[in-house]
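*Asks:* Below are the sequence and a predicted model; questions follow.
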Amino acid sequence: MTTTTDTLPQPKIAVVGYGSQGRAHAMNLRDSGFDVVVGLRAGGPTEGKAKADGFIVKTPAEAVKDADLVAVLTPDMVQKQLYDEVLAANMKQGAVLLFAHGLNVHFGMIAPREDLDVVLVAPKGPGALVRREYEIGRGVPCIYAIYQDKSGKAKDYALAYAGGLGGARANLIETTFKEETETDLFGEQAVLCGGASSLVQAGFETLVEAGYQPEIAYYEVLHELKLIVDLFYEGGITRMLEFISETAQYGDYVSGPRVIDASTKARMKDVLTDIQNGTFTKNWVAEYEAGLPNYKKFKQADLEHPIEVVGKQLRAKMVWLADNAPKPTSQQAAAA
Ligand code: NAD
Ligand code: MG
């Protein structure tokens, strides 16, 4: 079998940002043989972590100066300023600018220099999973896209990077900045983060308002969701149907569509329209620039929801959760 791996480029990489994605990317790429430097603001919150992991940490301006490829892994809302004030002035001619989410480029907040290749590599998982899967010899599937191909080799750079993350061990799918950005926003808003948490809260409130114990409601609508999602993940809805009782199946068929009906789907389409026409991003940028007044209010309401209060008490008794695992003694920690 022939692989293209041997012919892929080996760029010198600067990873700017060392959070969820940044740390996983930097570590996987280094272990895959790439020369990796980390760019962070001096005194920033993750500088110590990157140094403790053995990376050379420079300011973003210094880090990108002789990099062949710059991975922008800071929060989306600071990327425009970072690009305009630091990257545009300091990146080498003909270098590769890489993102893990297409938002800033797709919606025109960042207009990359014409001499650059501009690509996207987005692992389909949080950073911790990207690292864990790599360490056990597997990988998280990645999607990649090309926005600007000045060198004619933009795709090879994207594939080299995705391979270095371990994504080639799993699955690589080509997409566009538009498709990645719009589907990623839709997924997190309508189904994964927004949809799922609102569904759980509404179910919890329905039971508690009907007089049932909050502890029981928590187990029924939040805790057990993991078992269902694990089945989805392993074998789709088919696998869930194989594992749940006939009673649960019949209830699913008759009541699921009463809760999530055509009107829900119509509202999902509205959400998608707001994403596609830029309304969501315009509002999010305005919210960010105003100092996040609504974001903070909404977040506080979520954190204070009664399901969080009861959940905290119940999870303290779940010894198998990482937070409750016995802590290693300082001697064990030092030996590890
Ligand atoms: P994060 O918030 O976990 O980490 C951000 C990092 O950037 C931190 O190290 C922070 O100190 C640093 N930083 C902040 N402002 C900076 C600045 N002005 N200059 C230099 N460094 C700065 O971010 P994340 O969740 O890893 O997201 C990074 C990118 O990856 C985003 O584009 C996001 O959309 C994308 N992404 C995230 C996930 C995920 O699961 N978290 C998944 C796929 C893609
Ligand atoms: Mg996202």
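*Replies:* Thanks, I have the structure now. Ligands and ions are numbered 1, 2, ... in the order given.
*Asks:* Could you check stretch 72-83 against ligand 2 for contacts?
*Replies:* No: residues of stretch 72-83 contacting ligand 2 under Cβ under 5 Å from the ion: none, with a closest distance of 8.2 Å. Backbone N, C-alpha and C define where each C-beta goes, glycine included.
*Asks:* what's the model's confidence in that stretch, averaged?
*Replies:* Summarised as a single mean, pLDDT over stretch 72-83 is 98.
*Asks:* so does it get close to ligand 1?
*Replies:* Yes: shown here: stretch 72-83 in contact with ligand 1 (Cβ under 6 Å from any ligand atom) through 73, 74, 75, 76, 78, 82.
*Asks:* Report the buried members of those.
*Replies:* Buried members of the residues of stretch 72-83 next to ligand 1, counted by 16 or more other Cβ atoms under 10 Å: 73, 74, 76, 82.
*Asks:* Just those: which are in helices?
*Replies:* Here DSSP state H is the test, and those give 76, 82 as lying in helices.
*Asks:* Output the below-cut-off pLDDT ranges for this structure.
*Replies:* 1-6, 326-336 (pLDDT under 70).
*Asks:* could you pull out the strands for it?
*Replies:* 13-16, 36-39, 57-58, 69-72, 96-99, 117-123, 142-148, 172-174 (DSSP state E).
*Asks:* Report all helices and strands that the shortest one contacts.
*Replies:* Same thing as strand 57-58. The contact analysis (3 or more Cβ pairs under 8 Å, 6 or more residues apart in numbering; DSSP states H and E) places strand 57-58 against strand 36-39, helix 47-52.
*Asks:* before we move on, what about the last one?
*Replies:* When contacts are defined as 3+ Cβ pairs under 8 Å, 6+ apart, strand 172-174 packs onto strand 142-148.
*Asks:* cutoff 10 Å now
*Replies:* Under the contact criterion of 3 or more Cβ pairs under 10 Å, 6 or more residues apart in numbering; DSSP states H and E, strand 172-174 touches strand 142-148, helix 154-165.
*Asks:* partners of that strand, with directions?
*Replies:* Sheet pairing of strand 172-174 (DSSP bridges) gives strand 142-148 (parallel).
*Asks:* Can you pull up the residues of the stretch 101-250 of the chain that come close to ligand 2?
*Replies:* Counting by Cβ under 5 Å from the ion, the stretch 101-250 of the chain comes close to ligand 2 at 184, 188.
*Asks:* Just say which of the helices and strands packed on strand 172-174 is most tucked in.
*Replies:* The highest mean neighbour count among the helices and strands packed on strand 172-174, using mean count of other Cβ atoms under 10 Å, belongs to helix 154-165: a mean of 24.
*Asks:* hmm, that one touching ligand 1?
*Replies:* No: Helix 154-165 is not in contact with ligand 1 by Cβ under 6 Å from any ligand atom; minimum separation 11.2 Å.
*Asks:* between that helix and strand 117-123, how big is the angle?
*Replies:* Using axes from the mean of the first three to the mean of the last three Cα atoms, to 10 degrees, the direction of helix 154-165 lies 30 degrees away from that of strand 117-123.
*Asks:* For helix 154-165, what is the distance to the chain centroid?
*Replies:* Distance of helix 154-165 from its chain centroid, counting by Cα atoms, centre = their mean, to the nearest Å, is 18 Å.
*Asks:* To residue 246, which of the helices and strands packed on strand 172-174 lies closest?
*Replies:* Closest to residue 246 of the helices and strands packed on strand 172-174, according to Cβ to Cβ: strand 142-148, at 38.2 Å.
*Asks:* would JSON lines of the strands of the chain with distance to residue 318 be doable?
*Replies:* Shown next, in JSON lines, are the strands of the chain (distance: least, Cβ to Cβ, whole Å):
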{"stretch": "strand 13-16", "distance to residue 318": "35"}
{"stretch": "strand 36-39", "distance to residue 318": "35"}
{"stretch": "strand 57-58", "distance to residue 318": "37"}
{"stretch": "strand 69-72", "distance to residue 318": "37"}
{"stretch": "strand 96-99", "distance to residue 318": "37"}
{"stretch": "strand 117-123", "distance to residue 318": "28"}
{"stretch": "strand 142-148", "distance to residue 318": "33"}
{"stretch": "strand 172-174", "distance to residue 318": "36"}
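*Asks:* could you redo the helices and strands packed on strand 57-58 as TSV and give each row distance to residue 162 and mean neighbour count?
*Replies:* Converted to TSV, the helices and strands packed on strand 57-58 look like this (distance: least, Cβ to Cβ, whole Å; neighbours: other Cβ atoms under 10 Å):
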stretch	distance to residue 162	mean neighbour count
strand 36-39	15	26
helix 47-52	22	15
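*Asks:* residue nearest the centroid of the protein?
*Replies:* The residue lying closest to the centre of the chain (Cα atoms, centre = their mean) is residue 126, at 4.7 Å.
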